[in-house]
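[1] need a structure here:
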Amino acid sequence: MKKIRRPAVAGLFYPADPDELRSKVRQFLHDATPGRIKTPKALVAPHAGYIYSGPIAGNAYAQLSEIKETVKRVILFAPSHRMAFRGLAYSAADYFETPLGNVAVDTEALAAIDDLPQVKQLEQPFENEHALEVHIPFLQESLDDFRIVPLLVSDATPEHVEEVLERLWGGDETLIVISSDLSHYLDYDSAKKMDSETTRAIEELDPDSLGYNNACGRTLVSGLLLAARHNHLKVTTLDLRNSGDTAGPRNQVVGYGAYAFS
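    Residues are numbered from 1 along each chain as shown. Sure, this is the predicted structure:
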């Protein structure tokens, strides 16, 4: 029997109806600016409800249009919001389901990192976790035939993340996606200032300048920056906004950025 992880936040963070969801994601991609980065190796994109961060995520995934047939594996990292644990966790699921269908897990890739001490199989962190799930419909609409390597990260270091990335780096067939929002619950102007500082650190591949409050996926972003330096990648900022720009009041906002590494 194949193990399928059912969607936890369909109808909450994004539409549960397949037609509505497909239309929504396609609209985000249509409204984005494609082709700015021809062959991205990695993306950083936000994970809030689509009404808030969907337009920003659209600007990240729109860059995949020219490699949609090339990418066969997506390494998908997200911070764990619901449970604290040591290291990086993967699920025993064979498929992750969304209203758009099932996406297969690359179990061979998981087997290739299972010997690392920071990597462990845990199911509980995946229960009701949104930060991975919200990216999968974007991938389903942006790529053709692909598998995912979904990993949640809690109490880990950037070096732990980098080690996994280097192990799974691959070639043009492998895309890396880091799920992260930026600042949380600042007023609009303060959020813009902090998110600009975060963006400068990302563009300069400077993980030491990313503090705890800069991004909820700070450890993941920092791990990617370490790997990007080692592999001589450069960063392009694709979008930088917050919930005060998309939907919501401006007294307490959440920041969202989209970045491509090539």
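
[2] And the strands in the protein, which stretches?
    For the chain, the strands defined by DSSP state E cover 4-5, 42-45, 73-79, 88-90, 95-98, 101-104, 119-121, 147-153, 174-179, 184-186, 235-242, 253-261.

[3] Only C-alpha atoms, please: export the third one in PDB.
    Only the C-alpha atoms of strand 73-79 are listed here, as PDB (Å, rounded to 0.1, in the frame of the first residue of the first chain):
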ATOM      1  CA  ARG A  73      13.500  16.600  -8.600                       C
ATOM      2  CA  VAL A  74      12.600  19.400  -6.200                       C
ATOM      3  CA  ILE A  75      14.400  19.600  -2.900                       C
ATOM      4  CA  LEU A  76      11.700  21.400  -0.800                       C
ATOM      5  CA  PHE A  77      12.800  22.800   2.600                       C
ATOM      6  CA  ALA A  78      10.500  24.500   5.100                       C
ATOM      7  CA  PRO A  79      10.600  25.500   8.800                       C
END
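
[4] That one: partners in the sheet, and parallel or antiparallel?
    When pairing is defined by DSSP bridges, strand 73-79 lines up against strand 147-153 (parallel), strand 174-179 (parallel).

[5] CSV for these, including mean neighbour count and distance to Ala109?
    All C-beta spots, glycine's among them, are computed from the backbone N, C-alpha and C. Listed next are the strands paired with strand 73-79 as CSV, based on neighbours: other C-beta atoms under 10 Å; distance: least, C-beta to C-beta, whole Å:
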stretch, mean neighbour count, distance to Ala109
strand 147-153, 24, 5
strand 174-179, 26, 9
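
[6] I'd like those written out as JSON lines, with distance to Lys120 added.
    As requested, these are arranged in JSON lines below (distance: least, C-beta to C-beta, whole Å):
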{"stretch": "strand 147-153", "distance to Lys120": "10"}
{"stretch": "strand 174-179", "distance to Lys120": "19"}
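
[7] what would these look like in CSV with mean pLDDT and distance to Lys68?
    Formatted as CSV, the strands paired with strand 73-79 follow (pLDDT from 0 to 100; distance: least, C-beta to C-beta, whole Å):
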stretch, mean pLDDT, distance to Lys68
strand 147-153, 98, 14
strand 174-179, 98, 10
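
[8] Go through these and name the closest to Val254.
    Nearest to Val254, of all those, is strand 174-179, at 13.6 Å by C-beta to C-beta.

[9] now the closest one against strand 253-261, angle please.
    Interaxial angle of strand 174-179 relative to strand 253-261 (axes from the mean of the first three to the mean of the last three C-alpha atoms, to 10 degrees): 170 degrees.

[10] Now strand 174-179 - C-alpha only, PDB.
    Provided in PDB are the C-alpha atoms of strand 174-179 (Å, rounded to 0.1, in the frame of the first residue of the first chain):
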ATOM      1  CA  THR A 174      17.500  19.200  -9.500                       C
ATOM      2  CA  LEU A 175      15.800  22.400  -8.200                       C
ATOM      3  CA  ILE A 176      16.000  23.700  -4.600                       C
ATOM      4  CA  VAL A 177      13.100  25.500  -3.100                       C
ATOM      5  CA  ILE A 178      13.400  27.200   0.300                       C
ATOM      6  CA  SER A 179      10.100  28.100   2.000                       C
END
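
[11] which outside residues touch it?
    40-47, 64, 67, 71-79, 131-132, 134-135, 139, 143, 165, 168, 217, 220-221, 224, 261 (C-beta atoms under 8 Å, 6 or more residues apart in numbering).

[12] same thing with stretch 192-208?
    Outside stretch 192-208, the residues within contact range by C-beta under 8 Å, 6+ apart are 44, 158, 182-183, 186, 209-210, 213-215, 221-223, 225-226, 228-229, 233, 235, 237, 240, 242, 255, 257, 259.

[13] is it true that Ala42 touches Ala228?
    Yes. Under the criterion of C-beta atoms under 8 Å, Ala42 makes contact with Ala228 at 7.2 Å.

[14] Mutual contacts of these two, please.
    With C-beta under 8 Å, 6+ apart as the test, Ala42 and Ala228 both reach Phe261.
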